[in-house]
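# just the structure for this:
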Amino acid sequence: MNLNDLSILSLYSSMAVYALAFIAFSIDLARRSAAVDAATAQSAVAHSPAAASEEASVTSSFAGQTGGAGDSTLTLSRLSTRIDNDATTPYRTTAILRVGISLTVLAWVLHLFATVTRGIAADRVPWANMYEFALIGTVLIVTVYLIVLTRVDLRFLGTFVTGLVLVLLGGAALNYYVEVAPLPPALQSVWLVIHVFVASLATGLFALGFALSTVQLLQFRRENSAHATAAAGPRGALASALRLRFLATLPSSATLENLAYRINIIGFILWTFTLMAGSIWAEQAWGRYWGWDTKEVWTFIIWVIYAGYIHARATRGWRGSRSAWLAIIGFAAVMFNFGIVNVFFTGLHSYSGL
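Residues are numbered from 1 along each chain as shown. This next block holds a predicted model:
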């Protein structure tokens, strides 16, 4: 077995582990929905007339013993919880969630090993064709996700991240695989390492921002329909049962929007550098900084979409669903650039290897 065969074996192994992680995260979402049902039932009992009377009596007695300090402490405690996780129904870490994260880390290690061994087998950086672009792009999506997890609890995005990576890797393995081949002369430059790596890293950030924006839209819809559900009586209760109840355990739409905005800003900065590095490389390879090649045009279109997203939110006050849709359109353009432009459009950047 040579290094390329080892890379393929490691890749399929990582896909199997990603699939297990996806199942674990899906089970976690199902349990979140069950937790919301339990919390709703408990809340209904707690707010019954008898329970409310008993709660008022206990509160009055407790305040008399402590001079009201106990209520203040409880309020501060709730406020602290609200700041850390402003979900309507708090949801603590469970064993299945820890299993999902552990499986994701294991899959990432196998995925990274597959990418590195492909590069060693080719004796170059492993991003010279569509198959290798998919390898490095998806491994960086997971890398960004795992790094962000150390600062912000986004484990609820595990289903989306592992699902997206599975789809992209499966498509690359089935449709884009090519044997190891030397670099074309135009790619034999240090700018290949800089330009493509930064672009792939920006894509990883855009993917995470896209996931947050998608969940933000769902959460925004749930928040807006809360009062309508209560007013609709039995019919509203039936509609509520058909909704994604686990959303009540996730951060509010405003929190999700702020996180998506920050992540997309970092991705936009990296994408700007991608444009600059590509122009410098183009001047060295073809004697011009800009030539309106199809790939260059779409890279610029993506930059314009995300620039418009940042400008509209910062200066025009676009919040809520409008900003989320701009972020989603931006990532759709990134995927179009990768999956359509690289394959079906000819030009100086036709390095798909197919």
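
# C-alpha only now, for contacts and for neighbours.
Fine.

# where along the stretch 201-350 of the chain do the helices fall?
Using DSSP state H, counting those that start in this stretch, the helices of the stretch 201-350 of the chain run over 234-241, 253-286, 294-315, 321-336, 342-344.

# distance check, Ser102 against Leu174.
Between Ser102 and Leu174 the distance is 27 Å, computed by Cα to Cα, to the nearest Å.

# have a look at these two and say which one is more surrounded.
Higher neighbour count among Ser102 and Leu174: Ser102, with 14 against 9, using other Cα atoms under 10 Å.

# so what's the residue count around the closest residue to Phe22 other than its chain neighbours?
The shortest distance from Phe22 to any non-neighbouring residue, by Cα to Cα, 6 or more residues apart in numbering, is to Thr159 (5.2 Å). Number of residues near Thr159 (other Cα under 10 Å) recorded here: 21.

# three-state assignment of Leu183?
At Leu183, secondary structure determined by DSSP: H, G, I helix; E, B strand; the rest coil is coil.

# which residues does it contact?
By Cα atoms under 8 Å, 6 or more residues apart in numbering, Leu183 lies in contact with Ala128.

# how close does it sit to Thr117?
From Leu183 across to Thr117, the span is 17 Å (Cα to Cα).

# in what helix or strand does the residue nearest to Phe22 lie?
helix 158-171 (DSSP states H and E).

# then Arg124?
Applying DSSP H and E, one finds Arg124 in no helix or strand.

# what's the weakest-modelled helix or strand in the protein?
Within the chain, confidence by mean pLDDT, DSSP states H and E is lowest for helix 69-84 among all helices and strands, at a mean of 36.

# got the contact list for Ala327?
209-210, 213, 264, 306, 309.

# again with Leu110
Counted by Cα under 8 Å, 6+ apart, Leu110 has contacts 10-11, 13-14.

# now with 6 Å, please.
Residues in contact with Leu110, defined by Cα atoms under 6 Å, 6 or more residues apart in numbering, are 10, 14.

# where is the longest helix in this structure?
When the chain is scanned for its longest helix (criterion: DSSP state H), the result is helix 3-46.

# so what pLDDT did the closest residue in space to Ser33 that isn't next to it in sequence get?
In space, and not counting its chain neighbours, Ser33 is closest to Phe246: 4.3 Å by Cα to Cα, 6+ apart. At Phe246, the model reports a pLDDT of 83.

# is it true that Phe246 touches Arg31?
No: using Cα atoms under 6 Å, Phe246 makes no contact with Arg31, being 8.0 Å away.

# follow-up on the earlier one: mind listing what's buried along the following helix or strand past the least confident helix or strand of the chain?
For helix 69-84, the succeeding helix or strand toward the C-terminus, using DSSP H and E, is helix 95-122. Neighbour-count burial for helix 95-122, counted by 16 or more other Cα atoms under 10 Å, picks out 96-98, 100-101, 103-119, 121-122.

# same question, stretch 144-162
Buried, per 16+ other Cα under 10 Å, within stretch 144-162: 144-146, 148, 154-162.

# got any ranges where the stretch 101-250 of the chain has weak pLDDT?
Scanning the stretch 101-250 of the chain for pLDDT under 70 picks out 186, 226-243.

# so what touches the helix holding Thr159?
If you take Cα under 6 Å, 6+ apart as the criterion, helix 158-171 is touched by 18, 22, 25, 138.
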